[in-house]
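Q: Let's see this in three dimensions:
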Amino acid sequence: MLKIERFLQPKFLLTAMILLQTLWLILGWALAYKYDYVPSLQNPYKMSFIIAFTLVVGLIIIYLPTQVLSRMRQIKAYLLKNQMHLLLVLGAIVLIVAGIYINNLRWGSDEEAFFNAAMIMVEKVEFFEAYAQTWMARQHPPLPHIVTGFFMQIFGDDLFIMRFVVTLIGIATVLLIYFIGCELYDRYTGFLAALCLLSLPRFLQHSTVVAGNDIFITFFFTLAVFLLIRLQSHPSYWLSIKTGVAIGMGLLSKYTMILIYPMLLSLLFFKKYQLKTLIFHLGIISLISMSLLGIWLVIANDMGLLSTQSQRLVFHAGLEQDDGVPSLFSWWRVQYRLKALFIEIPSALGVYNIPLLLLGGLTLVRKRSQSDWFILLWIAVVFVPIMLILPDNRYFMPAFPALAIAMAHGVRLIPSVIEQTVVLALLYSMSTLYLFVRF
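A: Just a heads-up that it's a prediction; the model follows:
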């Protein structure tokens with residue numbers, strides 16, 4: 001047994017989660033005051049409430065009566081036998097969180113820009129000409145704004161409608177990771193992975209109440225992975241076509257969807273394919289996805305956007321020269337990476353989840369089954385390039401479902417506290433959204 005597994009026995013795991021979250025909140029509060037950033041972290045009422053909530057809820061979870069734990073396990077067993085009810089519960093959790101916060105969270109500049117771009121559909125003007133004048137058009141393709149704008153055109157040009165569309169996409173992503181867990185492992189792993197995904201604060205925020213293109217690319221990335229898994233087990237040209245469309249839709253949502261292409265190489269590890277058949281399937285997927293992207297690039301070029309977007313992509317990729325050195329290696333990018341590693345990513349994943357992530361990651365590396373390698377590849381193809389180029393915590397979201405599967409493996413190592421651990425992580429994730437509530 002690994003040393004970290006010996007340390008994170010039941011009596012330590014929940015305590016570690018409570019302490020990590022409490023210390024993180026206190027540290028964030030102190031640093032926000034010292035450096036005068038993130039006004040929400042400077043609010044003494046919010047911070048006092050969340051810290052008290054963290055401690056009180058943690059103690060309640062640790063000392064849950066045996067009868068309550070027994071009832072929770074009965075419900076879990078029932079849901080695992082009744083998939084439709086399980087899916088309804090997962091969707092209900094997302095809807096409950098959205099119902100609490102959807103009209104009470106303030107919006108930032110990115111969401112405001114997203115809303116303005118979506119409003120073009122409502123105003124019924126020439127979409128692409130108007131979109132070319134928006135800030136979003138400088139670096140992003142338009143599909144998320146077309147989708148949200150379409151629903152706003154039907155149901156009303158309200159922030160609630162835009163956020164509710166995001167909520168529906170969030171539900172679809174949660175259900176997809178459940179099915180991926182079922183395909184690669186078993187129903188229990190899929191269920192835990194879906195719950196673990198909701199315990200990641202940044203995912204919960206962007207899948208319930210903050211509209212943006214990040215949840216779109218996360219959904220299409222996850223959908224493409226699911227279809228790829230199905231393609232590996234049930235090869236068909238129809239699945240190849242659907243996979244190509246999913247990847248194409250992702251590329252029309254955000255250009256970082258291009259990171260899915262290394263995942264296609266995972267087909268090489270499956271002996272179900274002959275090389276000629278493999279090349280044909282990969283060709284179908286690539287042709288369809290690139291054709292969809294090509295249509296947008298032609299339109300973008302006609303609108304004069306292609307050169308602007310190309311310049312932005314070159315900048316983000318760090319290919320510009322900075323004092324004779326590629327800006328990829330400039331000091332400010334190094335600082336940005338350090339900030340991402342020690343602040344942005346832990347904040348996005350939830351510091352209370354670190355023990356589960358460590359346990360899950362070590363389990364995957366130690367077992368190294370075919371499915372484990374697939375999940376590790378998924379994490380790597382997103383995290384490595386994003387960390388090198390522009391490590392904003394939102395940009396890592398396409399890998400969050402894979403991290404959730406790793407967490408599911410981690411929590412299963414300590415079966416006596418699975419229910420308590422997952423519930424505590426979910427409550428902590430939901431409580432972090434309170435930081436952004438407007439009074």
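Q: and L105, backbone torsions?
A: Main-chain dihedrals, L105, degrees, to the nearest 10: phi -100, psi 130.
Q: next SSE after the helix-or-strand element of the chain with minimal mean pLDDT?
A: Counting by mean pLDDT, DSSP states H and E, the chain has its least confident helix or strand at helix 3-7, which shows a mean of 54. Following helix 3-7 in sequence order, the next helix or strand is helix 10-35 (DSSP states H and E).
Q: Nearest residue to A32 in space, please, no chain neighbours.
A: Nearest residue to A32, sequence neighbours excluded (CB to CB, 6 or more residues apart in numbering): L41, at 3.5 Å. In short, each C-beta sits where N, CA and C put it, glycine included.
Q: swap that for I26, please
A: Nearest non-adjacent residue to I26, counting by CB to CB, 6+ apart: I51, 6.8 Å away.
Q: mind saving the C-alpha coords of the helix or strand where the one you found lies as CSV?
A: In this structure, I51 sits in helix 44-62 according to DSSP H and E. The C-alpha coordinates for helix 44-62 follow below in CSV (Å, rounded to 0.1, in the frame of the first residue of the first chain):
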residue,chain,number,x,y,z
PRO,A,44,-15.7,40.0,6.2
TYR,A,45,-19.3,38.8,6.3
LYS,A,46,-19.0,36.5,3.4
MET,A,47,-15.7,35.1,4.5
SER,A,48,-16.7,34.6,8.1
PHE,A,49,-19.9,32.8,7.0
ILE,A,50,-18.1,30.5,4.5
ILE,A,51,-15.3,29.6,7.0
ALA,A,52,-17.9,28.9,9.7
PHE,A,53,-19.9,26.9,7.2
THR,A,54,-16.8,24.9,6.3
LEU,A,55,-16.1,23.9,9.8
VAL,A,56,-19.6,23.2,11.0
VAL,A,57,-20.6,21.2,7.9
GLY,A,58,-17.3,19.3,8.1
LEU,A,59,-17.9,18.3,11.7
ILE,A,60,-21.5,17.3,11.0
ILE,A,61,-20.4,15.1,8.1
ILE,A,62,-17.7,13.4,10.3
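Q: For the following helix or strand past it, give me every contacting residue.
A: For helix 44-62, the succeeding helix or strand toward the C-terminus, using DSSP H and E, is helix 66-81. For helix 66-81, the external contacting residues (CB atoms under 8 Å, 6 or more residues apart in numbering) are 85-86, 89, 187-188, 191, 419-420, 423.
Q: now helix 66-81: mean pLDDT?
A: Averaged over helix 66-81, pLDDT sits at 94.
Q: List the buried residues for it?
A: 72, 76, 79 (16 or more other CB atoms under 10 Å).
Q: and which of these is nearest F164?
A: Closest approach between the buried residues of helix 66-81 and F164, by CB to CB: L79, at 25.4 Å.
Q: V89 versus that closest one, what's the distance?
A: Look at L79 and V89: by CB to CB, to the nearest Å, they are 6 Å apart.
Q: give me every residue that touches M387.
A: If you count contacts by CB under 8 Å, 6+ apart, M387 has them with 337, 340-341.
Q: do T363 as well
A: T363 touches 372, 406, 409-410, 413, counting by CB under 8 Å, 6+ apart.
Q: try 6 Å this time
A: H409 (CB atoms under 6 Å, 6 or more residues apart in numbering).
Q: cool, and A425?
A: 199, 353.
Q: hmm, try it at 8 Å
A: Counting by CB under 8 Å, 6+ apart, A425 touches 17, 195-196, 199, 350, 352-353, 356.
Q: Would you agree it falls within a helix?
A: Yes: A425: assigned to a helix according to DSSP: H, G, I helix; E, B strand; the rest coil.
Q: How far away from the center of its chain is whichever strand or helix holds I180?
A: Assessed by DSSP H and E, I180 sits inside helix 159-184. Computed by CA atoms, centre = their mean, to the nearest Å, the chain-centroid distance of helix 159-184 equals 10 Å.
Q: For it, buried residues please.
A: Across helix 159-184, burial judged by 16+ other CB under 10 Å covers 159, 161-184.
Q: so how far is the helix or strand following it from its chain's centroid?
A: Going down the chain from helix 159-184, the next helix or strand is helix 187-198, by DSSP H and E. Here helix 187-198 is found 14 Å from its chain centre; the criterion is CA atoms, centre = their mean.
Q: Helix 187-198 packs against which elements?
A: Under the contact criterion of 3 or more CB pairs under 8 Å, 6 or more residues apart in numbering; DSSP states H and E, helix 187-198 touches helix 66-81, helix 83-101, helix 159-184, helix 201-208, helix 400-412, helix 418-432.
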